[in-house]
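**Q** quick one, structure for this:
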Amino acid sequence: MPNGPVTGFGVCPHDCYDTCGLKVTVDAGRVTRMAGDPDHAITQGFLCFKVNRYLERLYHPERLLYPLRRVGPKGAGRFVRASWDDALADIGQRLNALRARWGGEAILPYSFAGNMGLLASESLDRRFFAALGASRLDRTICTASAGATARWMFGQSLGPDPETLPDARLILLWGANPAATSVHAIPLLDEARRRGARIVTVDPLATATARRYDQHVALRPNSDVALALGLGHQLIQSGRIDTPFIAERTAGFAEYRPAALEWPLARTAAATGLPPDTIVDLADRLASTRPLLIRAGYGVQRQAQSAQATWAIAALAVITGALMDVGGGFLHGNGDAFPLVPLDQGRTANPPPRRVNMIQLGEALTTLSDPPVAALIVYNSNPAATAPNQAAVLQGLLREDLLTVVHEQMPTDTTRYADWVLPAAMSLEVLDLHTSYWHRYIQLNQPAVPPPGEAVSNPELFRRLARATGLTDPHLFASDEELLDELLTTSADHPWLQGITRARLMESPSQKVRLSAAARPFIDTPVLTPHGRIRLNPPPLAGPPAPDPDAGRPFHLLTPSRRETIKSSFGNVARVRPHEPPTLLMAAADMAALGVEGGDRVRVHNAQGTTVLTVQASSAVPEGTVVSYAVRWLEEAEGSNVNQLTSQRLSDYGGGATFYTTRVSVTGLE
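**A** Coordinates of the predicted model:
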């Protein structure tokens with residue numbers, strides 16, 4: 001045992017662009033300090049509001065330490081301590097009985113990005129469920145539609161290196177609020193501005209980012225397609241497109257051009273609510289400023305027309321030739337900068353099992369048959385709070401005939417409905433490998449301390465479940481070290497990963513992929529579409545949208561994240577959790593029209609459901625729009641939150657979520 005504190009390297013596991021490198025100090029077997037890595041080019045020695053308080057979560061008094069068995073009715077949250085042997089024996093026997101009766105598709109995994117480590121999120125879990133023949137979960141709730149569109153257009157989800165942001169001279173932050181959700185972009189944006197860049201925020205809300213920089217283009221919610229195509233119209237009609245670039249490097253302009261020309265200035269202004277001069281001025285800047293960088297955030301993604309919006313916005317970077325410049329182009333994500341072969345490659349069931357979109361969990365639990373969902377295994381997620389169509393989700397979780405197993409770190413809204421709650425390790429207690437969907441560093445998370453009590457990592461959970469169900473394939477029992485080696489060695493021939501080995505990462509835990517920051521995506525890297533050209537024709541959209549029963553309601557509801565929240569992950573940490581009750585922000589004029597005042601409780605409702613919130617006036621919110629930040633735990637929101645109001649309808653391509661295409665009515669309570 002070393003004498004005195006020891007500092008090691010970790011990685012923030014949360015679903016965030018920044019994927020920070022951490023310096024973790026341990027003294028006498030306890031983590032005593034966690035700080036941003038000062039040598040990390042993105043982290044730069046500081047952490048966000050939430051993760052600065054991470055130790056309060058690590059050592060939270062509600063931390064789950066032992067398996068728990070339900071003894072009360074579902075939803076009551078009454079449990080008794082049990083042993084792992086008893087838990088595994090019961091779960092294994094029941095899963096095998098369900099398979100014998102219904103087949104493996106009666107079992108449904110449910111997980112997302114509660115821990116973004118590659119071992120924690122997509123390793124032995126995928127192998128285990130494939131071996132059972134379980135229903136396959138389509139994990140689409142965050143970026144599926146925009147990611148699918150990027151791959152349609154470019155063949156992969158790749159953008160400029162964020163470290164080249166300071167080289168840009170015009171930056172459009174479209175549906176992005178990095179001041180709240182990607183704070184490590186702010187020093188890069190500030191540096192770009194010091195060098196002369198103009199930063200324009202395109203967002204319905206006057207966010208902290210919109211207030212920080214040069215111009216706020218306050219379009220109406222869900223009018224992104226209209227604005228993007230309207231800008232394309234202006235560029236085409238004025239002859240200010242890069243015709244040689246389009247001819248040499250793209251396909252489908254013959255389909256893009258008429259789509260853009262359907263949006264003349266008057267129509268675009270009417271649809272977006274923007275003054276015509278604003279649209280003309282923005283088009284002029286797009287045509288005349290280089291390097292031009294368009295960064296589309298996830299605010300664009302979570303609407304019914306998310307694929308069309310992503311396509312139309314990205315097309316602006318293409319038709320202007322912005323991809324030709326270092327620091328310019330289109331940046332939605334950099335996930336494909338890490339060409340790692342997935343650990344479940346080649347181990348999926350044959351024939352392929354039933355697919356269930358995670359957005360439609362409520363429907364899956366309440367209406368699927370032949371077979372029904374008879375077992376639900378939840379990890380890295382809290383769907384009772386975060387899934388849309390919440391009323392149906394909770395109805396399904398109340399089923400007494402549904403075996404529900406939840407692997408968790410704390411008691412959550414979802415654990416209240418579990419038959420078994422199994423204690424989960426946290427990131428500082430496990431070995432894992434992390435990539436980023438924004439920057440280009442691959443990082444080794446080294447365990448700083450062992451898990452407390454009887455908590456186990458996600459891979460260890462699925463090793464135990466594999467034994468409990470009598471599975472014997474050796475690949476189901478690979479150690480963490482073997483999984484890391486497999487991840488890195490099966491991809492070692494790719495030039496972007498040359499020399500990145502487990503041994504190298506043990507010496508230097510943060511390694512940048514071997515892709516030059518100056519390499520221009522899709523100019524100096526391949527375009528991986530079938531014909532090797534950038535597609536300007538739109539992706540193959542789903543059929544006509546289903547009728548929206550709430551289309552006539554007076555308010556458009558937006559449910560973005562803010563600096564204090566990362567969905568429900570810090571919901572029980574006192575210094576992170578918002579101190580005000582669950583709140584609805586509204587323009588003062590709308591409040592006056594409804595006859596409500598700040599602090600009044602209001603009923604917010606639509607065809608999906610109802611929730612009660614406390615209304616407050618906000619100058620950041622335009623008339624006709626209301627905002628409730630996502631997402632509060634149900635126990636502090638009178639048993640429901642804003643996901644009572646969000647729909648399980650899917651987006652136009654890629655099966656994405658439509659959280660931001662929600663209309664509601666608001667009624668004052670007596």
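**Q** phi, psi for Leu98 please.
**A** Its backbone dihedrals place Leu98 at phi -70, psi -40, with angles given as degrees, to the nearest 10.
**Q** distance of it relative to Thr469?
**A** Using CB to CB, to the nearest Å, Leu98 is found at 10 Å from Thr469. Yep, even glycine has a C-beta here, placed from its N, CA and C like the rest.
**Q** what of Glu262?
**A** In this structure, Glu262 and Thr469 are 56 Å apart, going by CB to CB.
**Q** okay, these two: which has more neighbours?
**A** Each of Glu262 and Thr469 has its neighbours counted (other CB atoms under 10 Å); Thr469 has more, 20 against 12.
**Q** just give me the residue right at the centre of this structure.
**A** Cys142 (3.9 Å; CA atoms, centre = their mean).
**Q** that residue in helix, strand or coil?
**A** Secondary structure state of Cys142, per DSSP: H, G, I helix; E, B strand; the rest coil, is coil.
**Q** quick one: contacts for the closest residue to Thr559 other than its chain neighbours?
**A** Excluding the flanking residues, the one nearest Thr559 by CB to CB, 6 or more residues apart in numbering is Ala630, at 4.4 Å. The neighbourhood of Ala630, defined by CB atoms under 8 Å, 6 or more residues apart in numbering, consists of Thr386, Thr559, Pro560, Ser561, Thr565, Lys567, Val642, Asn643, Phe659.
**Q** centroid-wise, who is the farthest residue in the protein?
**A** Among the residues of the chain, the one whose C-alpha is farthest from the average of all C-alpha positions is Asn3, by CA atoms, centre = their mean at 41.1 Å.
**Q** which SS state does that one fall under?
**A** Going by three-state DSSP, the secondary structure assigned to Asn3 is coil.
**Q** can you give me the pLDDT of it?
**A** Among the per-residue scores, Asn3 holds a pLDDT of 73.
**Q** OK, contacts around the residue nearest to Pro554 when sequence neighbours are not counted?
**A** In space, and not counting its chain neighbours, Pro554 is closest to Ser665: 6.3 Å by CB to CB, 6+ apart. Residues in contact with Ser665 (CB under 8 Å, 6+ apart) are Arg553, Pro554, Phe555, Val604, His605, Asn606.
**Q** mind putting those into CSV with neighbour count and distance to Tyr298?
**A** As requested, the contacts of Ser665 are exported to CSV (neighbours: other CB atoms under 10 Å; distance: CB to CB, whole Å):
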residue, neighbour count, distance to Tyr298
Arg553, 17, 24
Pro554, 13, 26
Phe555, 23, 22
Val604, 23, 23
His605, 18, 26
Asn606, 20, 23
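**Q** quick check, nearest of the residues you listed to Ala448?
**A** Using CB to CB, Val604 comes nearest to Ala448 of the contacts of Ser665, at 42.8 Å.
**Q** SS state for the closest one?
**A** When classified by three-state DSSP, Val604 comes out as strand.
**Q** so it sits against Arg663, correct?
**A** No: in this structure, Val604 is not within contact of Arg663 by CB atoms under 8 Å, at 10.9 Å.
**Q** just the C-alpha atoms of the helix or strand bottoming out on mean pLDDT in the chain, please, in PDB.
**A** Confidence across the helices and strands of the chain bottoms out at helix 298-301, with a mean of 88, counting by mean pLDDT, DSSP states H and E. Listed in PDB are the C-alpha atoms of helix 298-301, where the atom choice follows Å, rounded to 0.1, in the frame of the first residue of the first chain:
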ATOM      1  CA  TYR A 298     -29.400  17.800 -30.600                       C
ATOM      2  CA  GLY A 299     -32.100  20.400 -30.400                       C
ATOM      3  CA  VAL A 300     -32.400  19.900 -34.200                       C
ATOM      4  CA  GLN A 301     -32.500  16.100 -33.700                       C
END
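**Q** let me see the mean pLDDT of the helix or strand that that helix is followed by.
**A** Remark: after helix 298-301, the chain's next helix or strand is helix 306-319, criterion DSSP states H and E. The predicted model gives helix 306-319 an average pLDDT of 98.
**Q** what's the following helix or strand after helix 306-319?
**A** strand 329-331.
**Q** check which helices and strands the helix or strand just after that next one is in contact with.
**A** As assigned by DSSP H and E, the chain's next helix or strand after strand 329-331 is strand 355-357. When contacts are defined as 3 or more CB pairs under 8 Å, 6 or more residues apart in numbering; DSSP states H and E, strand 355-357 sits against strand 136-138.
**Q** which other residues reach the strand it packs on?
**A** If you take CB under 8 Å, 6+ apart as the criterion, strand 136-138 is touched by 108-111, 129, 144, 348, 352-358, 655.
**Q** now stretch 357-368
**A** 108, 110, 112, 137-141, 356, 373, 376, 383, 387-393, 395-397, 399, 402, 648, 650, 655-657.
**Q** I'd like to know which of those residues are part of helices.
**A** With helices defined by DSSP state H, the entries of these inside them are Pro383, Gln390, Ala391, Ala392, Val393, Gln395, Gly396, Leu397.
**Q** and the residues you listed, which are buried?
**A** Pro383, Gln390, Ala391, Ala392, Val393, Gly396, Leu397 (16 or more other CB atoms under 10 Å).
**Q** so what's the last one up against?
**A** Meaning Leu397. Contacts here follow CB under 8 Å, 6+ apart; on that basis Leu397 touches Lys74, Gly75, Leu365, Leu376, Ala384, Thr404, Thr414, Tyr417.
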